[in-house]
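Trainee: Okay, predicted coordinates and the sequence, questions at the end:
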Amino acid sequence: MSDNGGDRELMKGNHAMCLGAIRAGARAYYGYPITPQNEATEYMSFHMPKAGGTFIQAESEVAAINMVFGAAAAGVRAMTSSSSPGISLKQEGISYIATAELPCVVANIVRCGPGLGNIAPHQGDYFQGTRGGGHGDYRTITLAPASVQEMAQLTYSAFDLADEYRNPALILSDGVIGQMMEPVDLATIPAKDPPVKDWAVGPGQDKRPRNVHTTIYLDPEEMAEFHLKLIAKYDRIRREVNYFEEYMTDDAEILIVAYGTSSRVARTAIKRMRTANGPKVGLFRPISVWPFPARKLLEMCTNYKCILVLEMNWGQMVEDVRLVVGDKVPIHFAGKHGGLLFTPAEIVALANNLSADPLNPGSLWSIVR
Amino acid sequence: MEALADSKERCEQIVFDRPDALTSRGYTYCPGCGHGTIHRLVAELIDEFGLKDRTVGMASVGCSVFSYWFFDCDFISCAHGRAMANATGVKRAHPDAFVFTYQGDGDLASIGMAETIHAANRGELITVIFVNNAIYGMTGGQMAPTTLENMVTTTSPLGRDPLLVGHPIRVVEMLSLLEGVAFAARASVSSAKNTLKAKALMKKAFRAQLEKKGFGIIEILSNCNTNWNKSPIEANEWIDAEMVKVFPLGVYKDVFAGEKGKKDE
Ligand SMILES: Cc1ncc(C[n+]2csc(CCOP(=O)(O)OP(=O)(O)O)c2C)c(N)n1
């Protein structure tokens, strides 16, 4: 749990995420307890003050994200984390922070919804994490880790991305990755000093123009101008941020597209099929789920007989895949529900069916029970 | 030459001017509304304490949503009700900044009530300027948590019925029970005399932060002549006659009480 200066350390995903944040120079964390991300709030309550930063257990998620808004405006690298129902509450603040063009990091350790749902891992917040989620026309840079190492590393990178584009960056994880323990290579997240921000509010106004952060534009012409500026920024992010991972795609006949926890199970299934001389399946794993790594998928999609999208939800990312691939290749979807995980055997069975009939209409939108 | 000397002479005689902490932008408030007066009091104190270069204001949502147009210092325009959460983030990041929120009754006592109670309870070192006009001004005169019993608003067309929608909330009385609060008082800008008193009390709400005593709040009764359907004079008279019965002026908590040689007025 603590940073002992060694190179590798066995950690929980939620702890690794927080360590990545503190090493990235985060000095403000405001949170509210919700399972399965409590380790994050607990870790920060101890380590953030030790790092010279501030921690507050806020009265609500709404208050926490607005404290982050204040800290971000004050030029500090600021973070909050929560899980699905809490993220719904934070959407108010995320919309405002995106509009004020302030950087911050918000982590969603997704649990199964809608409503209170349960505390098991799920991927049902993909739309919320990639479409803006709050009101208005905005986007967040959203990264989906698939390991404890990535919890640390992607959170670390998220602060840089947030600062570079002056935009909230989201970590879209889930209860499996938040709770599991794996080694983290600490050398990949060296402690660093965050950039100084000349647009921050605070003392020293005699030496600079005053800084104001607002989100209100009553005049539609002025609002339109601001929208165009935001859109130009989002276009730039779309061009510049495209994180993905490929596994055994070169000689594959079937391409699985999956992110986060589902991608881990898919990888195990693929390994099994390859050693058993089963169907040749490869994996494309989006890491930045917004922007979706569209160019790469478009380039490679015609190399396969079909695509199988696996998600622990009712089919959300499959819409992004379809936007990219269109009708060039048949797209199949299999979803998993209730907070349950795919088993490798289920994925092998799906792949066997598709290998026999890549157009199998039965799995064009199927649910694995 | 003579004209210049003449104007210089006149300059030297200026006894009333715009405070440094206000920009030259004209107010967007309705004529006769108290927001302008209250802005001026805040700005005068920022000048008097020499805080302009380290003040960060939080604009709330309501008629004062554009208060950052008028105060000449760093500002954040916050979401409805969340100004004290934003202020918390700023103050914790910059403990040497002077941080104030400027909020209406709908903002502070309705949607933002949780933020209000908890910022006060944490003893957050911020100064809260709470403008109570007993109504939602900006959205066109709907009922507020501070609307008086039987008062007609667009959403209490038959008058506020406390059996149905509760009684007006007395914010400073309530907050004065919390340990974190160093100063809580209610004033009014309904007359010149009351305005001077309001400034003296506001000064203590500033000092609570500057001397790190705790959370400082000043509630100021102010008119909304437009939505009350009254002339500005009638509206101010109504504050003195009716509003103060429900919202008595006075000091409810004061860490400075008993200071030698110092009086509130
Ligand atoms: C989340 C949210 N809900 C509602 C509104 C609409 N709204 C704008 S101002 C306002 C009332 C403000 O009243 P008050 O705080 O009393 O300030 P006043 O306008 O009287 O100065 C409301 C409800 C909003 N902007 N945001």
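Mentor: That came through fine. Numbering: from 1, shown residues only, chains lettered A, B, ... in the order given.
Trainee: which secondary structure element contains A:R111?
Mentor: Assigning secondary structure by DSSP states H and E places A:R111 in strand A:104-112.
Trainee: What's the first helix or strand after that strand?
Mentor: strand A:118-121.
Trainee: Neighbouring strands of the strand holding A:R111 in the sheet, and parallel or not?
Mentor: Listed by DSSP bridges, the sheet partners of strand A:104-112 and their directions read strand A:78-82 (parallel), strand A:118-121 (antiparallel), strand A:168-174 (parallel).
Trainee: looking only at pLDDT, what's the mean for it?
Mentor: If you average the pLDDT over strand A:104-112, you get 98.
Trainee: Pull the distance from it to the chain's centre.
Mentor: With C-alpha atoms, centre = their mean, to the nearest Å as the basis, strand A:104-112 stands 7 Å off its chain's centre.
Trainee: now do stretch A:300-314
Mentor: In terms of C-alpha atoms, centre = their mean, the centre of stretch A:300-314 is found 20 Å from the chain centre.
Trainee: Stretch A:156-170 now?
Mentor: 12 Å.
Trainee: now what about it, what contacts it?
Mentor: A:20-21, A:23-26, A:77, A:79, A:94, A:97-98, A:101-108, A:129, A:139-143, A:171, A:188-189, A:194-195, A:197, A:233, A:236-237, A:241 (C-beta atoms under 8 Å, 6 or more residues apart in numbering or on different chains). Every C-beta, even on glycine, is put in place using the N, C-alpha and C of the backbone.
Trainee: just to revisit the earlier point, can you say which of the strands paired with strand A:104-112 is packed in most?
Mentor: Of all the strands paired with strand A:104-112, strand A:78-82 carries the top mean neighbour count, a mean of 31, counting by mean count of other C-beta atoms under 10 Å in any protein chain shown.
Trainee: which residues sit against it?
Mentor: A:14, A:17, A:21, A:26-32, A:34, A:37, A:40-41, A:61, A:64-65, A:67-68, A:71-72, A:89-90, A:104-109, A:159, A:171, B:89.
Trainee: just stretch B:240-247 next, same as before
Mentor: Contacts with stretch B:240-247, where a contact means C-beta under 8 Å, 6+ apart, come from B:132, B:134, B:146, B:148-149, B:168, B:170, B:186, B:188, B:190-191, B:194, B:219, B:221.
Trainee: Which residue of chain A lies farthest from its centroid?
Mentor: A:D206 (39.9 Å; C-alpha atoms, centre = their mean).
Trainee: how close does that residue get to B:D72?
Mentor: Distance from A:D206 to B:D72, counting by C-beta to C-beta, to the nearest Å: 12 Å.
Trainee: For the stretch 1-150 of chain A, which residue gets nearest to the ligand?
Mentor: Residue of the stretch 1-150 of chain A nearest the ligand, by C-beta to the nearest ligand atom: A:E92 (7.1 Å).
Trainee: tell me the phi and psi of that residue?
Mentor: Backbone torsions for A:E92, taken as degrees, to the nearest 10, come to phi -50, psi -50.
Trainee: can you point me to the longest helix in chain B?
Mentor: The helix that spans the most residues within chain B, counting by DSSP state H, is helix B:192-210.
Trainee: near chain A at all, that helix?
Mentor: No. Judged by C-beta under 8 Å from any C-beta of the partner chain, helix B:192-210 and chain A are separated, with a smallest distance of 13.3 Å.
Trainee: Packing partners of that helix?
Mentor: Where contact means 3 or more C-beta pairs under 8 Å, 6 or more residues apart in numbering or on different chains; DSSP states H and E, helix B:192-210 is packed against helix B:35-48, strand B:98-104, strand B:127-132, strand B:181-188, strand B:215-221.
Trainee: closest one to chain A among these?
Mentor: Among the helices and strands packed on helix B:192-210, the nearest to chain A by C-beta to the nearest C-beta is strand B:98-104 (8.5 Å).
Trainee: Show me the contact partners of the next helix or strand after that closest one.
Mentor: Sequence-wise, the next helix or strand downstream of strand B:98-104 (DSSP H and E) is helix B:105-106. The contact list for helix B:105-106 (C-beta under 8 Å, 6+ apart) reads B:62, B:80, B:130-136, B:139, B:142, B:144-146, B:171.
Trainee: So helix B:105-106, near the ligand or not?
Mentor: Yes. Residues of helix B:105-106 are located near the ligand by C-beta under 6 Å from any ligand atom, namely B:D105, B:G106.
Trainee: Next: stretch B:150-164.
Mentor: No. Using C-beta under 6 Å from any ligand atom, stretch B:150-164 stays clear of the ligand, with a minimum separation of 10.5 Å.
Trainee: how far does that stretch stretch from start to finish?
Mentor: 11 Å (C-alpha to C-alpha, to the nearest Å).
Trainee: Can you list the buried residues in the longest helix of chain B?
Mentor: Across helix B:192-210, burial judged by 16 or more other C-beta atoms under 10 Å in any protein chain shown covers B:194-195, B:197-199, B:201-209.
Trainee: do stretch B:40-56 as well
Mentor: B:40-46, B:51-56.
Trainee: before we move on, the earlier item: quick one: closest of the strands paired with strand A:104-112 to B:V255.
Mentor: Nearest of those to B:V255, taken as C-beta to C-beta: strand A:78-82 at 30.8 Å.
Trainee: Mind jotting down where the helices sit in the chain?
Mentor: I'll assume chain A. Under DSSP H, chain A gives helices at A:13-23, A:38-50, A:61-73, A:84-99, A:126-130, A:148-165, A:175-179, A:220-240, A:260-275, A:294-300, A:317-325, A:344-356.
Trainee: switch to chain B, that's the one I care about
Mentor: B:2-12, B:35-48, B:67-70, B:83-93, B:105-106, B:113-121, B:162-165, B:171-175, B:192-210, B:225-228, B:232-238, B:244-246.
Trainee: any low-confidence regions in the stretch 1-150 of chain B?
Mentor: Across the stretch 1-150 of chain B, the ranges flagged by pLDDT under 70 are B:1-11.
Trainee: List, one by one, the residues from it near chain A.
Mentor: Looking at chain A, the residues of the stretch 1-150 of chain B close enough under C-beta under 8 Å from any C-beta are B:52-56, B:58-59, B:65-66, B:68, B:72-79, B:82, B:85-94, B:96-97, B:114-115, B:117-118, B:122.
Trainee: hmm, try it at 7 Å
Mentor: Residues of the stretch 1-150 of chain B lying near chain A by C-beta under 7 Å from any C-beta of the partner chain: B:52-54, B:56, B:65, B:68, B:72-79, B:82, B:85-90, B:92-94, B:96-97, B:114-115, B:118.
Trainee: just the buried members of the residues you listed?
Mentor: B:52-54, B:56, B:65, B:68, B:72-79, B:82, B:85-90, B:92-94, B:97, B:114-115, B:118.
Trainee: A:V76 reaches A:G25, doesn't it?
Mentor: No. If you go by C-beta atoms under 7 Å, A:V76 and A:G25 don't touch, sitting 8.9 Å apart.
Trainee: What residues does chain B have near the ligand?
Mentor: B:61-64, B:80, B:104-107, B:133, B:135-139, B:144.
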